[in-house]
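Novice: The following comprises the amino acid sequence and a computationally predicted model.
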Amino acid sequence: MNQADIKNLLENVAHGSLSVNDAMARLRSLPFEDLGFAKVDHHRSLRCGFPEVVFCPGKTTEQTVEIFKRLAQNGGNILATRANEEKYLAVKPHFPQARFNQSAGCITLRQKQAQLSSATIGLICAGTSDLPIAEETRETLEIMDQRVETYYDVGVAGIHRLLAAGKRLQQMSVVVVIAGMEGALPSVVGGMISAPVIAVPTSVGYGASFQGLAALLGMLNSCAANVTVVNIDNGFGAGYVAALINRLAEKGTVCP
């Protein structure tokens, strides 16, 4: 339940179209609901602007479905990350409109009409092997109503592919750059644009990449001052932060 929902609830009580007891029943699970195995945070949207996100690894299929159902009761959009097909097939009978992006491992349920941002986020990934993380980022951005433009397979080994999009990238309010191997791509992008760049190292690479550690260290040592870095393979985190930056950009508090 978000701020608008609570305001509408109180107005209905004030106008007499909803009884006090009914209103109390709807508010009973706030701020959180204890399921025994999980405490579902129903106030997350009110505090942070988006409902609690379900991180599926380590949860049983039954636990995932129950958390998903309880979150959906408030009518908000739902995102579950790192899900597999088994968990999606368990969710779908309850929510036929739920979508599953197998590459991203994301289950999404849209219950609110999309109100796309006016400012645009650029989403860049170095190679096709980075697509699962890029798609996790895209799913996160889109369920948060962000306008996204994707530029996939534009790594530094063929830098002309990136340079072809340079003029458009300079118009973005924030850009997410995803790369494995040596992790050089965010530094290149950072030197091309004035907007914040969120770098995502991936675990793609040969042995000395150390499952993304080489890319992470390369990005942390970027000489481009507008580059910041999230954890290895954390497409969700990058997408979430990019959405918050874009919201601020729309209010005129971040450079265009």
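Specialist: Great, that's in hand. Residues are numbered from 1 along each chain as shown.
Novice: Number of residues surrounding residue 23?
Specialist: Residues lying near residue 23 (other CB atoms under 10 Å) number 15. From N, CA and C alone the C-beta is placed, and that goes for glycine too.
Novice: helix/strand/coil for it?
Specialist: In three-state terms, and counting by DSSP: H, G, I helix; E, B strand; the rest coil, residue 23 is helix.
Novice: Identify the spatial nearest neighbour of it, chain neighbours not counted.
Specialist: Sequence neighbours aside, residue 13 is the residue nearest to residue 23 in space, at 5.0 Å (criterion: CB to CB, 6 or more residues apart in numbering).
Novice: Show the pLDDT at that neighbour.
Specialist: Residue 13 carries a pLDDT value of 87.
Novice: residues touching it, list them.
Specialist: Residue 13 is in contact with 19-20, 23, counting by CB atoms under 8 Å, 6 or more residues apart in numbering.
Novice: Distance to residue 128 added to the residues you listed, as a markdown table?
Specialist: Output for the contacts of residue 13, formatted as a markdown table (distance: CB to CB, whole Å):
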| residue | distance to residue 128 |
| --- | --- |
| 19 | 57 |
| 20 | 57 |
| 23 | 52 |
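Novice: can you redo those as JSON lines with pLDDT and distance to residue 136?
Specialist: Putting the contacts of residue 13 into JSON lines (pLDDT from 0 to 100; distance: CB to CB, whole Å) gives the following:
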{"residue": "19", "pLDDT": "87", "distance to residue 136": "43"}
{"residue": "20", "pLDDT": "83", "distance to residue 136": "43"}
{"residue": "23", "pLDDT": "73", "distance to residue 136": "38"}
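Novice: Tell me the one among these nearest to residue 209.
Specialist: residue 23 (55.3 Å; CB to CB).
Novice: is it fair to say residue 104 lies in a helix?
Specialist: No. Counting by three-state DSSP, residue 104 is not found in a helix; it is coil.
Novice: Leaving out the residues flanking it, which one is nearest to it?
Specialist: residue 135 (3.6 Å).
Novice: what about the one you found, neighbour count?
Specialist: Neighbours around residue 135, by other CB under 10 Å: 22.
Novice: Where does it sit, in terms of helix or strand?
Specialist: helix 131-143 (DSSP states H and E).
Novice: Can you name the element that comes right after that helix?
Specialist: Heading C-terminal from helix 131-143, the first helix or strand you meet, by DSSP H and E, is strand 147-152.
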